[in-house]
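S.K.: following is a predicted model, sequence given first.
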Amino acid sequence: MLEHALLHISAGRESEFEASIRKALPIIEEADGCHGAQVRRQDEDPSIFLLLVTWTSIEAHMTFRTTPQFNEWRSLTHTFYAEAPSVTHFHEPLSH
């Protein structure tokens, strides 16, 4: 399962967010059911970032959200958001 989250960062705080997300990524990557995470910055609007996290299931993601580690993740990331992230989940890639 692939989590897709668009993160709108408050203008002028992008560099701060980048430094903080570098600290936060290992937290989510160590979560049960997580198989990796990455963040990419949008070219057209540098205040928008894309978070991609691979989970074993949506349930694994939802379970992570109930842990102390999620609270640590939140403290490192959520203060930078200009609006609530848009989070959706995608199934495995379609075959050729």
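M.R.: Cool, the structure landed.
S.K.: what bridges to the spatially most central residue of the chain?
M.R.: Centroid check for the chain by C-alpha atoms, centre = their mean gives Leu51 as the closest residue, at 4.0 Å. On the basis of DSSP bridges, Leu51 is bridged to Ala5, Val39.
S.K.: which residues does Glu3 contact?
M.R.: By C-beta atoms under 8 Å, 6 or more residues apart in numbering, Glu3 lies in contact with Leu51, Leu52, Val53, Thr54, Trp55, His61, Val87, Thr88, His89. Quick note: C-beta positions are derived from backbone N, CA and C, even for glycine.
S.K.: and those, which are buried?
M.R.: By neighbour count, with 16 or more other C-beta atoms under 10 Å, these hold Leu51, Val53, Thr54, Trp55, His61 as buried.
S.K.: pretty sure the second one sits in a strand.
M.R.: It refers to Val53. Yes. Looking at Val53 with DSSP: H, G, I helix; E, B strand; the rest coil, it is inside a strand.
S.K.: do I have it right that it meets Cys34?
M.R.: Yes. The criterion here is C-beta atoms under 8 Å, and Val53 meets it with Cys34 at 6.3 Å.
S.K.: now do the shared contacts for those two.
M.R.: Ile28.
S.K.: any idea which element Asp32 lies in?
M.R.: According to DSSP states H and E, Asp32 maps onto no helix or strand at all.
S.K.: which residues does it contact?
M.R.: Contacts of Asp32 (C-beta under 8 Å, 6+ apart): Ala60, Thr63, Phe64.
S.K.: so what touches the lengthiest helix in the chain?
M.R.: Assignment by DSSP state H gives helix 14-29 as the longest helix of the chain. Helix 14-29 is contacted by residues 7, 9, 34, 36-39, 41, 46-47, 49, 53, 64, 69, 72-73, 76-77, 80 when judged by C-beta under 8 Å, 6+ apart.
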